[in-house]
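> Return atomic coordinates for the entry below.
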Amino acid sequence: MTNEIGFLRQVPAKGSPAAPAYNYQLSQDGEVAIGRDRNCQIALESIAHGMVSRRHAAIRPLSQGTWTRWEICDLNSANGTYINGEKLQGCQTLLSGDRISLGQDGPEFIFESNAASGPNKSRFPPAKTGNFPEIEKDALTLTQLFPIASTGKQLSQKAYLYPGIVTVIFVVSLFVAVGNSAAFNFLLSAYLAGAAYYFIYRLCGKHKPWWVLLGAALATVLILLSPLLIGFILVFREILPGRLPAEGEEISFLPFLIRMFFGAGLMEELLKALPVLGALILGNLLKNPWRDRLGVWEPLDGILLGSASAVGFTLLETLGQYVPNIIQNITLQAGPEAGQLVGLQLLIPRILGSAAGHMAYSGYLGYFIGLSALKPRKRWQILGVGYFSASALHALWNASGAVSVLLLALVGVLSYAFLVAAILKARALSPNREQNFATRISSEK
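Reported below is the predicted structural model:
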């Protein structure tokens, strides 16, 4: 076997200052794994390279006569491995000059070999090889002193810049609204609900236009303000056994749970699902690119739109019903200042709890609506299971609050667990899984 040397030269990230490249020599008798796992021979930093899987790809030596060549294999990574811009399927032999990218916008490497001929001849003009200068540990650059000068697009893509800007805008607006309780409560609830929804959005990891998501929330608000709500109340609370208990009425847990199943679970989950079902129908009537932007084509679409619908429901219910009622009651007993304080105290947990409440139920039902789009032959079976299970969780939450605070917390955790499980399954089922930007959970790739 000849004294052939193969190595990877890491390409500096776009927007970073020119600097000597990192070089990794490849083994002639063992595998070299690349990924975020510390046990990989080429271990990448998790924070800077979140799109890279724990074990993303591996480079293995192949002997051919007296020559050694190398092949690269994708290890079922979440975002794929690309060779010269083409997505790698399985394994491929490397030729000198090949450009390797871990994900479309991930870290890049160039494969180089010191062979002048033989199986590893270059696809491209020979790249410069030899000894590279080592990075001076004590060197100090301008971008080290002023990091913002070198971040480039990473600042907006990886540093949560836009959420920070939104937070600053809301903080300033809250200062301006001090003294106007209605405006203050609206701004605070909108920010808290948006933050809770953004958390779900990051877990889903699928791009959906912001105006589509906002439209789902506004559609739910309009439905609740329309005469359609009266028809829903008539059907589910007057015709069906969903009548809410009157003030002071004593009722045992099981009959109360049944009433909540019809009067809150089935009624409210169907109301919140109407915008999602509308998007499903509308998407089938439109042509691209609008059909992809607006439609529901997979479970992730349903979860995103269902959770957005729940945000609209929660805001209207909290600001239009619960907070005004408690402010009015406390004001009559202890004065307006006490009423405003108690109203604010109620607002915060109700909005934050929507991640384990309305967003959980509606997002869970949205998963089934999206799944029915993937499997249309089983549509009614899928929708039935989703509708009744989401309604059952909703009813259990409403009924458990009358029994025990601990039981209420347990049901909240259970509801959130159902939602997250649906998100993880939806990410695995997604036809566009390689484009997913989701926040990593536990040991997932």
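> Can you classify Arg69 as helix, strand or coil?
Three-state assignment for Arg69 (DSSP: H, G, I helix; E, B strand; the rest coil): strand.
> now it, which residues is it bridged with?
Counting by DSSP bridges, Arg69 is bridged to Leu62.
> Was I right to think it contacts Ile59?
No - counting by CB atoms under 8 Å, Ile59 is not a contact partner of Arg69; they are 10.7 Å apart. Using the backbone N, CA and C atoms, a C-beta is placed for each residue, glycine as well.
> Which of these two has more residues huddled nearby?
Ile59 (24 against 19; other CB atoms under 10 Å).
> what's near enough to touch that one?
The contact partners of Ile59, taken as CB atoms under 8 Å, 6 or more residues apart in numbering, are Leu8, Leu26, Glu31, Val32, Ile34, Trp70, Glu71, Ile72, Cys73, Leu94.
> circling back to that earlier point, what touches both of Arg69 and Ile59?
Common neighbours of Arg69 and Ile59 (CB under 8 Å, 6+ apart) are Leu94.
> out of the contacts of Ile59, who has the most neighbours?
When neighbours are taken as other CB under 10 Å, the top entry among the contacts of Ile59 is Ile34 (27 neighbours).
> Now do the SS call for that residue.
Per three-state DSSP, Ile34 ends up strand.
> My guess is it contacts Ile42. True?
Yes - using CB under 8 Å, Ile34 is in contact with Ile42, at 4.4 Å.
> what residues does the helix or strand where Ala219 lies touch?
If you go by DSSP states H and E, Ala219 is part of helix 210-225. Applying CB under 8 Å, 6+ apart, the contact partners of helix 210-225 are 197, 201, 229, 271-272, 274-276, 278-279, 293-294, 304-305, 308-313, 315-317.
> In helices only, show me those residues.
If you go by DSSP state H, these have 197, 201, 229, 271-272, 274-276, 278-279, 293-294, 304-305, 308-313, 315-317 in helices.
> Which of the residues you listed are buried, as a ChimeraX select command?
The ChimeraX selection below is limited to those of those classed as buried (16 or more other CB atoms under 10 Å):
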select :197,201,271,272,274,275,276,278,279,294,304,305,308,309,310,311,312,313,315,316,317
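> wait, what's in contact with Val11?
Ala21, Arg99, Pro107, Glu108, Phe109, Ile110.
> Across the sheet, point out what pairs with the fourth one.
Looking back up the chat, that one is Glu108. Beta-bridge partners of Glu108, as defined by DSSP bridges: Val11, Ser101.
> Wait, it touches Gln10, no?
Yes - using CB under 8 Å, Glu108 is in contact with Gln10, at 7.3 Å.
> Name the nearest residue to Met51, sequence neighbours excluded.
Gly103 (4.3 Å; CB to CB, 6 or more residues apart in numbering).
> Quickly list the domain ranges of the protein.
Domain assignment for the chain by automatic domain parsing gives 6-114, 156-435.
> Ile423: neighbour count?
24.
> State the helix or strand in which Ile327 lies.
Per DSSP H and E: helix 323-334 holds Ile327.
> Could I get the buried residue list for that helix?
Val323, Ile326, Ile327, Ile330, Thr331.
> Kindly report the same for stretch 281-296.
Under the neighbour-count criterion of 16+ other CB under 10 Å, stretch 281-296 has Gly283, Leu294, Gly295, Val296 buried.
> and those residues, which two are the farthest apart?
Leu294 and Val296 (8.6 Å; CB to CB).
> joint contacts of the two?
Ala279, Gly283.
> in this protein, which segments are predicted with low confidence?
Along the chain, segments meeting pLDDT under 70 span 1-3, 14-21, 64-66, 114-144, 147-159, 434, 439-445.
> any chance you could map the strands in it?
All strands of the chain, identified by DSSP state E, fall at 6-11, 23-25, 32-35, 42-43, 57-64, 67-74, 81-83, 86-87, 91-93, 99-102, 108-113.
> Just tell me which of the ones you listed ends up closest to Arg379.
strand 86-87 (32.1 Å).
> Direction included, what does the closest one pair up with?
Strand 86-87 pairs in its sheet with strand 81-83 (antiparallel), by DSSP bridges.
> Identify the residues contacting the strand it pairs with?
56-57, 72, 74, 87-88, 92, 94, 98-104.
> which two in those residues are spaced the farthest apart?
Going by CB to CB, the pair spanning those furthest: Leu94 and Gln104, at 19.2 Å.
> So Leu271 versus Gly357, what's the distance?
15 Å (CB to CB, to the nearest Å).
> picking that back up, keeping just the C-alphas, turn the helix holding Ala219 into CSV.
Extracted in CSV, the C-alpha atoms of helix 210-225 (Å, rounded to 0.1, in the frame of the first residue of the first chain):
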residue,chain,number,x,y,z
TRP,A,210,-46.8,34.0,9.6
TRP,A,211,-49.9,35.6,7.9
VAL,A,212,-51.4,32.1,7.4
LEU,A,213,-51.0,31.3,11.1
LEU,A,214,-52.3,34.7,12.1
GLY,A,215,-55.2,34.1,9.8
ALA,A,216,-56.1,30.9,11.6
ALA,A,217,-56.2,32.7,14.9
LEU,A,218,-58.3,35.6,13.6
ALA,A,219,-60.7,33.1,11.9
THR,A,220,-61.4,31.5,15.2
VAL,A,221,-62.0,34.9,16.8
LEU,A,222,-64.5,35.8,14.1
ILE,A,223,-66.3,32.4,14.5
LEU,A,224,-66.7,33.0,18.2
LEU,A,225,-68.1,36.5,17.6
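> Just give me the neighbour total for the closest residue to Pro431 other than its chain neighbours.
With sequence-adjacent residues excluded and distances taken as CB to CB, 6+ apart, Pro431 is closest to Glu298, at 6.2 Å. Glu298: 21 surrounding residues under other CB under 10 Å.
> Please give me every residue in contact with Glu298.
Per CB under 8 Å, 6+ apart, neighbours of Glu298: Gly370, Ala373, Leu374, Ala426, Leu429, Ser430, Pro431, Asn432.
> Dump those to TSV, plus distance to Phe170 and neighbour count.
Shown next, in TSV, are the contacts of Glu298 (distance: CB to CB, whole Å; neighbours: other CB atoms under 10 Å):
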residue	distance to Phe170	neighbour count
Gly370	31	28
Ala373	35	19
Leu374	37	18
Ala426	30	29
Leu429	35	16
Ser430	32	22
Pro431	36	10
Asn432	32	13
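> now those residues in a markdown table, with distance to Val176?
A markdown table is the format used below for the contacts of Glu298 (distance: CB to CB, whole Å):
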| residue | distance to Val176 |
| --- | --- |
| Gly370 | 40 |
| Ala373 | 44 |
| Leu374 | 47 |
| Ala426 | 40 |
| Leu429 | 45 |
| Ser430 | 42 |
| Pro431 | 45 |
| Asn432 | 41 |
